[in-house]
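Engineer: Provided below for reference: sequence and predicted model.
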Amino acid sequence: MTTNNFKKNILCIGAGYVGGPTMTIIANKCPDYKITVVDISKERIDAWNSDQLPIFEPGLKERVLKVRGKNLFFSTDIDAAIDQADIIFVSVNTPTKNFGEGAGKAVDLQYIEQTARRIKENSRSNKIVVEKSTLPVRAAETLETILHSGKNGVHFEILSNPEFMAEGSGVRDMEFPDRVLIGSKDTPSGLAARKELVDVYLHWVPEENLITTNLWSSELSKLVSNAFLAQRISSINSIAAICEVTEADVTEVSKAVGRDSRIGAKFLNAGPGFGGSCFRKDILNLVYLCEYYQLNEIASFWEQVVTLNDYQMERYVKRILQVMFNTLVGKKLAVFGFAFKPDTGDTRDAPAIYICKRLLEEKACLRITDPHALKNARKDLEGIDSEVEYIEDPYKAAEGVHGIALITEWTEYSKLDYQKIFDKMEKPAFIFDGRNHLDHKALFDIGFNVYSVGKAPLTHF
């Protein structure tokens, strides 16, 4: 046993959307392990140690409070935690480069390298280092080269354990995962390290849901999973455009196609485009990888997924502009939802960012409402939001507006009293349901002019 009679000390470097929830679930499921989460941001760690967690995820707070201070700890003392750890998860930011070689596509690995050097400098015993951040294929070689440079006599074994949590259902995804993927070297020490991590997950994950591969397959699988999901969204959004001009109904088309067992129904809901921290970044990383190996046709194929997503966001804006008599100058629009998906406050790469910026370029006045993302919305639009109001109450946000743009399908929005909303709006009243989330016939009967994605409009003109 290590300190305080724990079986092992597990450390996670990075207390963000992946590190915090992942370690919380491990702490709940593995009371015999000490779990420490560290971060360079004192503000973030203070939030994890408070009653106001830095992220919103259904069920997360209850699980944090259950184990915090028992076998789950949040700290800024990174160096001491590294020294004491047996297993280190690396869950730091891996943004897309915005400079130099590979700008706009390649992953910026500076934080990974800085973390590796810090681990090496503060390690006096052998460690298992687990890639939890999404990294390009063969990044483990970089980690190993840095960690084993010099002559400190410490051995590091590198594992790949990509996360497959979806925000909004992250707790459930961790507690009941479709699969847990662990990549390792096919060496005695690599297999022994892999077994140690497998033993952690076996506390609650059925053995048949544990997949073991080599390091490179594991690293690539994460990129490919996100690329395939994003591709499905861009595919159905391309069909939505066809539906609008042919008077087909994308919801009916999606239902018919999704009933094919070879295809399935998931990720076939049309909308204003995909968002979040992973899809765009991982696809562009895959594009860069293909270009690096001169697989240019394959690179073009995957890049088109991103191009179609950008097209879909712009198409949503142009439809609002065209429908509202080709001018938005001085017109008030209520934006229902800013998070990139419901049940999260995360706005990273959210379609709402692009859409709101474009609406502001057209001189519209925006009233943004969202149950959990207003703080992030203020940051995303900082400096260009002189014509933006951030209002928690959707009824107040809709008072006196000319139109409503629903961008995030929060359950709350389907339960609102739209007669009450309609009565206080300017007329003609428009609603642009970007997620096909509402009862369009009921809205039309109230008096709204309804424009949805992939469906013929319902108008009173």
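Structural biologist: Happy to help now that I have it.
Engineer: Could you give the number of residues near the residue nearest to Val388 when sequence neighbours are not counted?
Structural biologist: Using CB to CB, 6 or more residues apart in numbering and skipping the chain neighbours, the partner closest in space to Val388 is Leu366 (4.7 Å). Glycine gets a C-beta too; all of them are placed from N, C-alpha and C. Leu366 has 24 neighbours, counted by other CB atoms under 10 Å.
Engineer: what packs against the helix or strand containing Leu366?
Structural biologist: Assigned by DSSP states H and E, Leu366 falls within strand 365-369. Where contact means 3 or more CB pairs under 8 Å, 6 or more residues apart in numbering; DSSP states H and E, strand 365-369 is packed against strand 332-336, helix 351-361, strand 388-390, helix 394-398.
Engineer: Just name the most buried of these.
Structural biologist: strand 332-336 (a mean of 26; mean count of other CB atoms under 10 Å).
Engineer: who does that one pair up with?
Structural biologist: strand 365-369 (parallel), strand 403-406 (parallel) (DSSP bridges).
Engineer: Point out where the protein drops to low pLDDT.
Structural biologist: Scanning the chain for pLDDT under 70 picks out 1-4.
Engineer: which one's the longest helix in it?
Structural biologist: Longest among the helix segments of the chain by residue count, using DSSP state H, is helix 215-246.
Engineer: who does that one touch, helix- and strand-wise?
Structural biologist: In terms of contacts (3+ CB pairs under 8 Å, 6+ apart), helix 215-246 is packed against helix 139-147, strand 156-160, strand 180-184, helix 250-258, helix 279-292, helix 296-323.
Engineer: list the buried ones in it?
Structural biologist: Residues 215, 218-223, 225-227, 229-237, 239-241, 243-244 are the ones in helix 215-246 that count as buried (16 or more other CB atoms under 10 Å).
Engineer: do the same with stretch 89-105
Structural biologist: Judged by neighbour count (16+ other CB under 10 Å), stretch 89-105 contains these buried residues: Phe89, Val90, Ser91, Val92, Thr94, Thr96, Lys97, Gly102, Lys105.
Engineer: Distance from that stretch to the middle of the chain?
Structural biologist: How far stretch 89-105 lies from its chain's middle: 16 Å, per CA atoms, centre = their mean, to the nearest Å.
Engineer: can you tell me the distance between the two ends of that stretch?
Structural biologist: Start-to-end span of stretch 89-105 (CA to CA, to the nearest Å) is 25 Å.
Engineer: Give me the contacts around it.
Structural biologist: Here stretch 89-105 makes contact (CB atoms under 8 Å, 6 or more residues apart in numbering) with 10-14, 16, 18-19, 22-23, 106-109, 111-112, 115-116, 129-135, 143, 161, 280-281, 284-285, 287-288, 291.
Engineer: number of nearby residues for Asn5?
Structural biologist: Neighbour count for Asn5, taken as other CB under 10 Å: 8.
Engineer: cool, and the one 4 residues further on?
Structural biologist: The number of residues packed around Asn9, counting by other CB under 10 Å, is 19.
Engineer: Just the element for it, please.
Structural biologist: strand 8-13.
Engineer: and stretch 430-437, C-alpha only, in CSV?
Structural biologist: Extracted C-alpha coordinates of stretch 430-437, given in CSV (Å, rounded to 0.1, in the frame of the first residue of the first chain):
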residue,chain,number,x,y,z
PHE,A,430,-40.4,34.5,-37.0
ILE,A,431,-38.9,31.4,-35.5
PHE,A,432,-35.9,29.6,-36.9
ASP,A,433,-35.7,26.1,-35.4
GLY,A,434,-32.2,25.1,-36.1
ARG,A,435,-32.6,21.7,-34.4
ASN,A,436,-36.2,20.7,-35.4
HIS,A,437,-36.8,20.6,-31.7
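Engineer: need the contact list for Ile236.
Structural biologist: Counted by CB under 8 Å, 6+ apart, Ile236 has contacts Val250, Ser254, Phe267, Leu268, Asn269, Ala270, Gly454.
Engineer: List the ones among the residues you listed that fall in strands.
Structural biologist: In strands, judged by DSSP state E, none of these are found.
Engineer: ranges for the helices of the stretch 51-200 of the chain?
Structural biologist: Applying DSSP state H, counting those that start in this stretch to the stretch 51-200 of the chain gives helices spanning 60-67, 78-84, 110-121, 139-147, 170-175, 188-201.
Engineer: Please identify the deepest-packed of these.
Structural biologist: Mean neighbour counts for the helices of the stretch 51-200 of the chain (mean count of other CB under 10 Å) peak at helix 170-175, with a mean of 20.
Engineer: what helices or strands is that one leaning on?
Structural biologist: helix 19-29, helix 60-67.
Engineer: how about CSV for those helices, with distance to Val335 added?
Structural biologist: Below are these laid out as CSV (distance: least, CB to CB, whole Å):
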stretch, distance to Val335
helix 19-29, 27
helix 60-67, 26
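Engineer: Could you find the closest non-adjacent residue to Phe461?
Structural biologist: Asn449 (7.1 Å).
Engineer: Help me confirm that the one you found comes into contact with Ile431.
Structural biologist: Yes: in this structure, Asn449 is within contact of Ile431 by CB atoms under 8 Å, at 7.3 Å.
Engineer: who's more crowded, these two?
Structural biologist: Ile431 (26 against 20).
Engineer: and the gap between the residue most central in space within the chain and Ala350?
Structural biologist: In the chain, the centroid-proximal residue (CA atoms, centre = their mean) is Gly276; its distance is 3.7 Å. Per CB to CB, to the nearest Å, Gly276 is found 8 Å from Ala350.
Engineer: Name the residues contacting each of the two.
Structural biologist: Shared contacts of Gly276 and Ala350, defined by CB under 8 Å, 6+ apart, are found at Phe340.
Engineer: so what are the domain limits for this structure?
Structural biologist: For the chain, automatic domain parsing gives the domain ranges 3-205, 222-461.
Engineer: Including distance to Ile211, could the ones you listed go into JSON lines?
Structural biologist: Below are the domains of the chain laid out as JSON lines (distance: least, CB to CB, whole Å):
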{"stretch": "domain 3-205", "distance to Ile211": "5"}
{"stretch": "domain 222-461", "distance to Ile211": "12"}
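Engineer: Any buried residues in stretch 54-61, and which?
Structural biologist: By 16+ other CB under 10 Å, the buried positions in stretch 54-61 come out as Pro54, Ile55, Phe56, Glu57, Gly59, Leu60, Lys61.
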